[in-house]
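K.L.:
Would you be able to build a 3D model of this:
(one chain, ligands or ions: 1)
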Amino acid sequence: MVEHIDKFRMQNDLRYRFDFLSKFINFDQNDVNMLNTLAPIIFPLLPALVERLYKKLYSFDVTKRFFHLRNDGFESFPVNREVGITLDFVQTEYRKDMFSVYLKRILTQGQWDDSFIEYLSRVGQMHTPKGGSAAINVDYMYMNALFCYLEQLLMEVIWNAESLDQRKKQEAMEAISKFICIQNDFLTMHYGATWNKETSCANIPIVRLTKCFFR
Ligand code: HEM
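P.N.:
As a prediction, the model looks like this:
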């Protein structure tokens, strides 16, 4: 039995898109409950975890540069270098706080209702010129990389959690991986194509496959 999915509806109906993706990856209320179970385990470690994420973003000029841009709400922020109050410093501290708030919401949300999935979509959109500051257009490559790093850090926490048995650890890792897949989709959908076919791999001949394994 093949279920019909309206792919045009998926492009403008967030709930419909979410329902399809959830079914495909088997994301359900058990995963939401699992994320809630992780909240008290992850919360005390959040400040250190967010520090590590930002340290990573600050390790490379291509990712660090986004924090030199003036974000929404900071248009008229007064700078006082003498006492160490720079726009970069204040914005970064604010972003760290917002990232913690974001992770706390993911871990405490009891029902993934319409307003919550709209929030996830808004977080994705914020990194493109379509949302937030017009100057912020984070290359999807960096987003994907940070998702991977975030997943590694969360897996590390779960792996070391003494209060979870092996089975719960596995369920927790699955729930995290599904949440990241959903957030990643709710980000990707706001991007256009970022791959430039004309200039990439010009010396490698294109081999046309006649058959795809999955077709
Ligand atoms: C795991 C992937 C990521 C997640 C979940 C995430 C999450 C968030 C959240 C929740 C906000 C909103 C803060 C608020 O409410 O004001 C935000 C804003 C922002 N993020 Fe990310 N972020 C990710 C990756 C990145 C990367 C890779 C960069 C840059 C290299 C970046 C740069 C920014 C900037 C500059 C803003 C401010 C946008 C604005 O104010 O218009 N983020 N992010």
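K.L.:
what comes up buried for the one helix or strand in the chain whose mean pLDDT sits lowest?
P.N.:
Averaged element by element with mean pLDDT, DSSP states H and E, the chain has its least confident helix or strand at helix 87-108 (a mean of 87). For helix 87-108, burial by neighbour count (16 or more other Cβ atoms under 10 Å) applies to L87, Q91, T92, R95, K96, F99, L103, I106, L107. Using the backbone N, CA and C atoms, a C-beta is placed for each residue, glycine as well.
K.L.:
So which residues on the chain come close to the ligand?
P.N.:
With the criterion set to Cβ under 6 Å from any ligand atom, the chain comes near the ligand through 57, 63, 66, 71-72, 95, 98-99, 102, 123, 126-127, 132-133, 136, 138, 142-143, 146-147, 150.
K.L.:
switch to 8 Å and redo it
P.N.:
When proximity is defined as Cβ under 8 Å from any ligand atom, the chain approaches the ligand at 53, 57, 62-67, 69, 71-74, 91, 94-95, 98-99, 101-102, 123, 126-127, 131-133, 136, 138-139, 142-143, 145-147, 149-150, 180, 183, 187.
K.L.:
Of these, keep whichever come out buried.
P.N.:
Among the residues of the chain next to the ligand, the ones that count as buried by 16+ other Cβ under 10 Å are 53, 57, 63, 66-67, 71, 91, 95, 99, 123, 126-127, 131-133, 136, 138, 143, 150, 180, 183, 187.
K.L.:
Can you list the residue ranges for helices in the chain?
P.N.:
14-25, 29-42, 46-57, 61-64, 87-108, 114-125, 140-160, 166-188 (DSSP state H).
K.L.:
Lowest average pLDDT across those?
P.N.:
With a mean of 87, helix 87-108 has the lowest mean pLDDT of the helices of the chain.
K.L.:
what packs against it?
P.N.:
helix 29-42, helix 46-57, helix 114-125 (3 or more Cβ pairs under 8 Å, 6 or more residues apart in numbering; DSSP states H and E).
K.L.:
Just the angle for it relative to helix 140-160, thanks.
P.N.:
50 degrees (axes from the mean of the first three to the mean of the last three Cα atoms, to 10 degrees).
K.L.:
picking up where we left off before, the buried residues of helix 87-108 into a markdown table, with extra columns for distance to D13?
P.N.:
Compiled in a markdown table, the buried residues of helix 87-108 are given as follows (distance: Cβ to Cβ, whole Å):
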| residue | distance to D13 |
| --- | --- |
| L87 | 39 |
| Q91 | 34 |
| T92 | 36 |
| R95 | 31 |
| K96 | 34 |
| F99 | 28 |
| L103 | 27 |
| I106 | 22 |
| L107 | 27 |
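K.L.:
and of these, the nearest to L49?
P.N.:
L103 (7.8 Å; Cβ to Cβ).
K.L.:
now the nearest residue to the closest one once chain neighbours are set aside: how far from S100?
P.N.:
Spatial nearest neighbour of L103, excluding adjacent residues (Cβ to Cβ, 6 or more residues apart in numbering): L46 at 6.3 Å. Separation of L46 from S100 (Cβ to Cβ, to the nearest Å) stands at 5 Å.
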